[in-house]
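J.: here is my input, please return the structure:
(chains A and B)
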Amino acid sequence: MIGFEVETIIAILLGVARGATPLVFAAIGELITEKAGVLNLGVEGMMLVGAVGGFIAVVATGSPTVGFIAAMLAGALLSALFAVLVLFLHTNQVASGLALTIFGVGVSAFFGLKYIGTPIKGLQAIDIPGLSDIPIVGPLLFGHDIMVYAAFVLVAVTAWFLNKSRWGMILRAVGESHHAAHAIGYPVVLIRFCAILFGGAMCGLAGAYISLIYTPMWAENMTAGRGWIALALVVFATWKPGRALIGAYLFGGVTILQLNVQSLGLDVSGHLMNMLPYIATILVLVLISRDETKIRLNAPACLGKPFRADG
Amino acid sequence: MGKLKAVLAAATLALGATAAQAEQTKIGFVYVSPIGDAGYTYQHDLGRKAIEEEFGDKIKVSFVESVAEGPDSERVIMNYAKNGYDMVFATSFGYMNPTLKVAKKFPKVAFEHATGYKRAKNVNTYVARFYEGRYLAGLVAGKMTTSNVIGYVAAFPIPEVVRGINAFTRGIREVNKDAQVRVIWTNSWFDPGKEREAADTLIGQGADVLNMHADSPATIQAAADAGVYAIGYNSDLSKFGPKAQLTSTVTNWAPYYVKRVTEVLEGKWEGNQDTWDGLKEGMVEMAPFNDAVPQDVRDLVEKAKQDIIAGTLHPFAGPINDNEGKERVAAGTTMTDGDLLGFNWYVEGVVGKLPN
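T.: All right, here's what the predicted structure looks like:
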């Protein structure tokens, strides 16, 4: 078949990793937040704020490291606003989350206005002499930028944290039954606050991946709906970090595959191909939902419910 | 920064209001996106600056950026008309119906709408013959490719975009019969991530020159990272890939804006006119060539440009076959503007089938 040589396949796989990485960060952040019992629909807004925050920091300092730290701070700052609203003022989480997205879109556009069209030097793939030059395996294992690897590490650490660590258990307890956790003496509000901040920081990082590495520039609304996909991935993964990683790569894979099919000129409707990733998501959601226990076993029981200590 | 300046300028004017200013002709611009420093709105803003330069104190110019198409734009356009503006430039396709609606209520205000097709007694439309520049870009791409695979990242399969792909391909095939154009549709005017993925995919399939019809410079960046060539659109995008960008199809609205404002100032402005200008009038220009483009290619492009201006060369002069080998335009005939406005097939050299 034309075009599908080894180089093409390697290029496709590298593209999949780049497309999946921001989704992994955002999904893991949201997963932790939800495991603590808070539903934050503001992922898209936090990603955008992270994207613009990271971009401004890189323009100012030239250092990608500073950029990623600034992005995490920006994302966490926005999520802190959400935390105050839902944890202390007991606002509705769905409405507050949606408002956070709208706010994030606007505030990022405002601060980013001066930076539209400013070029920066994107972070390049790390190049390990010797290793990256091994045919096929070299570029696939060692040809990515550092954040691709960081995403894998994050997934492993998150899985360990939730399942094996004491603090992970406490976090889950808070998400399963906040009253029980409160009765035992855990600071429910504080733990949720931290979980929300972590979620915000990871979403900020996801946004910065897009504005600093993927397409090194700032443009209004540049995340283009990836925050919503990350939200869907959390349910898709039934709140398991490993599955979120698989889901993100699956999603990235289908996206890249449809682009390849198009440019090879195969007679397949572009619109239909564009729908594929979303159809895949819905299909998996339906399959999972058929088995009710699977959702019940994994979904945090207190997800989206406000907590009052006296309640 | 631009916004701050505009606010300061407005404040200064308000403070120093004199009799002279009451006689100023007031002109408003409505932009669909932020001005930034590259892209579609940026080019329109250069036109605005050109009329300020040209007419100085005789006119008072203001603009509103990031105005969403639809009801929001109607409010902004209405506001200009209500506040005594004499002329309004609505610079995006989706402002068409709002502009007509407001125009009906304010028959004395001169309206100029970019890229639309509905006119009225006090509404003109204008658009650039981008395809002439695309054809020239095709000559460059056809000469510069070594893999003979050329990629095109495109937004929506509408006639305007298809026309660009076809003109580009006609240019390529004029100088290189073996080259083919592969197209990826992103189905979005603006999604940098997707444009990047599309560009990377085309490069992965062997494309060594890319062109694009979308609003972000992601394609140029992808080419720069992969060490291949790309062609820009709307603005000179060389700063996103100084070595990658071969040239760019740039729109220059300044001559048109100066002409129309002059008419308003002289009381000679008339509505119901449609303007479709190209290389000849200077509405379409090519950005400076990359150093990598050899002199003979530059000469070739310059000659083709002069021929198009002279009217002896038309990118869509027959014979033209579609990409299934069927003759669509006979030898000796040229596609009319009407044909061009409804383009819904690929010319020979484009791979694949047009989504419908």
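
J.: so, low pLDDT: which residues of the chain?
T.: Assuming you mean chain A. Chain A contains residues with pLDDT under 70 at A:1-5, A:124-132, A:267-271, A:273-274, A:277, A:294-295, A:310-311.

J.: the intended chain is chain B.
T.: Checking chain B against pLDDT under 70 turns up B:1-22, B:356.

J.: strands of that one, start to end?
T.: For chain B, applying DSSP state E gives strands covering B:25-30, B:59-64, B:87-90, B:110-114, B:123-128, B:149-154, B:180-185, B:209-213, B:229-234, B:245-251, B:274-277, B:284-286, B:320-321, B:327-329.

J.: any chance of the ones you listed in a markdown table, with distance to A:L266 and mean neighbour count too?
T.: In this view, the C-beta of every residue, glycine as well, is placed from N, C-alpha and C. What follows is the strands of chain B, written out as a markdown table (distance: least, Cβ to Cβ, whole Å; neighbours: other Cβ atoms under 10 Å in any protein chain shown):
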| stretch | distance to A:L266 | mean neighbour count |
| --- | --- | --- |
| strand B:25-30 | 42 | 22 |
| strand B:59-64 | 45 | 19 |
| strand B:87-90 | 40 | 29 |
| strand B:110-114 | 36 | 26 |
| strand B:123-128 | 33 | 23 |
| strand B:149-154 | 16 | 27 |
| strand B:180-185 | 11 | 25 |
| strand B:209-213 | 20 | 29 |
| strand B:229-234 | 24 | 28 |
| strand B:245-251 | 29 | 25 |
| strand B:274-277 | 36 | 16 |
| strand B:284-286 | 34 | 21 |
| strand B:320-321 | 21 | 17 |
| strand B:327-329 | 23 | 15 |
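
J.: let me have those strands in a markdown table, extended by distance to A:L287.
T.: A markdown table is the format used below for those (distance: least, Cβ to Cβ, whole Å):
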| stretch | distance to A:L287 |
| --- | --- |
| strand B:25-30 | 48 |
| strand B:59-64 | 49 |
| strand B:87-90 | 49 |
| strand B:110-114 | 48 |
| strand B:123-128 | 49 |
| strand B:149-154 | 34 |
| strand B:180-185 | 30 |
| strand B:209-213 | 38 |
| strand B:229-234 | 42 |
| strand B:245-251 | 47 |
| strand B:274-277 | 53 |
| strand B:284-286 | 52 |
| strand B:320-321 | 48 |
| strand B:327-329 | 47 |
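
J.: right, and the ones you listed - which one's nearest B:R134?
T.: Set against B:R134 and scored by Cβ to Cβ, these come closest in strand B:245-251, at 5.8 Å.

J.: sheet partners, orientation included, of the closest one?
T.: If you go by DSSP bridges, strand B:245-251 pairs up with strand B:229-234 (parallel), strand B:284-286 (antiparallel).

J.: distance check, B:N124 against chain A.
T.: Using Cβ to the nearest Cβ, to the nearest Å, B:N124 is found at 29 Å from chain A.

J.: I figured that residue hits B:G116, correct?
T.: No: counting by Cβ atoms under 8 Å, B:N124 does not reach B:G116; the two are 9.7 Å apart.

J.: close to chain A, is stretch B:162-172?
T.: No: figure legend: stretch B:162-172 not in contact with chain A (Cβ under 8 Å from any Cβ of the partner chain); closest approach 12.8 Å.

J.: which parts of the chain are helices?
T.: Just so you know, I chose chain A. A:6-35, A:43-61, A:64-83, A:93-112, A:137-142, A:146-164, A:166-176, A:178-184, A:188-208, A:226-236, A:241-263, A:270-290, A:292-298 (DSSP state H).

J.: correction: the question concerned chain B.
T.: Using DSSP H, helices in chain B cover B:2-15, B:19-22, B:40-55, B:71-82, B:96-105, B:130-144, B:159-175, B:192-204, B:218-226, B:254-265, B:295-310, B:337-341.

J.: now those helices in CSV, with mean neighbour count?
T.: Listed next are those as CSV, based on neighbours: other Cβ atoms under 10 Å in any protein chain shown:
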stretch, mean neighbour count
helix B:2-15, 11
helix B:19-22, 9
helix B:40-55, 19
helix B:71-82, 18
helix B:96-105, 19
helix B:130-144, 27
helix B:159-175, 24
helix B:192-204, 28
helix B:218-226, 26
helix B:254-265, 18
helix B:295-310, 15
helix B:337-341, 13
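
J.: run through the bridge partners of B:M87.
T.: Note on B:M87: beta-bridge partners B:I27, B:A110, judged by DSSP bridges.

J.: looking at the helices of chain A, which is buried most?
T.: helix A:43-61 (a mean of 28; mean count of other Cβ atoms under 10 Å in any protein chain shown).

J.: get me the contact residues on the stretch 51-200 of chain B for chain A.
T.: For the stretch 51-200 of chain B, the contact set with chain A under Cβ under 8 Å from any Cβ comprises B:66, B:151, B:157, B:182-185, B:187-188, B:190-198, B:200.

J.: now the helices of chain B as a markdown table including distance to A:G204?
T.: Listed next are those as a markdown table, based on distance: least, Cβ to Cβ, whole Å:
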| stretch | distance to A:G204 |
| --- | --- |
| helix B:2-15 | 26 |
| helix B:19-22 | 48 |
| helix B:40-55 | 28 |
| helix B:71-82 | 29 |
| helix B:96-105 | 37 |
| helix B:130-144 | 38 |
| helix B:159-175 | 35 |
| helix B:192-204 | 17 |
| helix B:218-226 | 21 |
| helix B:254-265 | 41 |
| helix B:295-310 | 46 |
| helix B:337-341 | 46 |
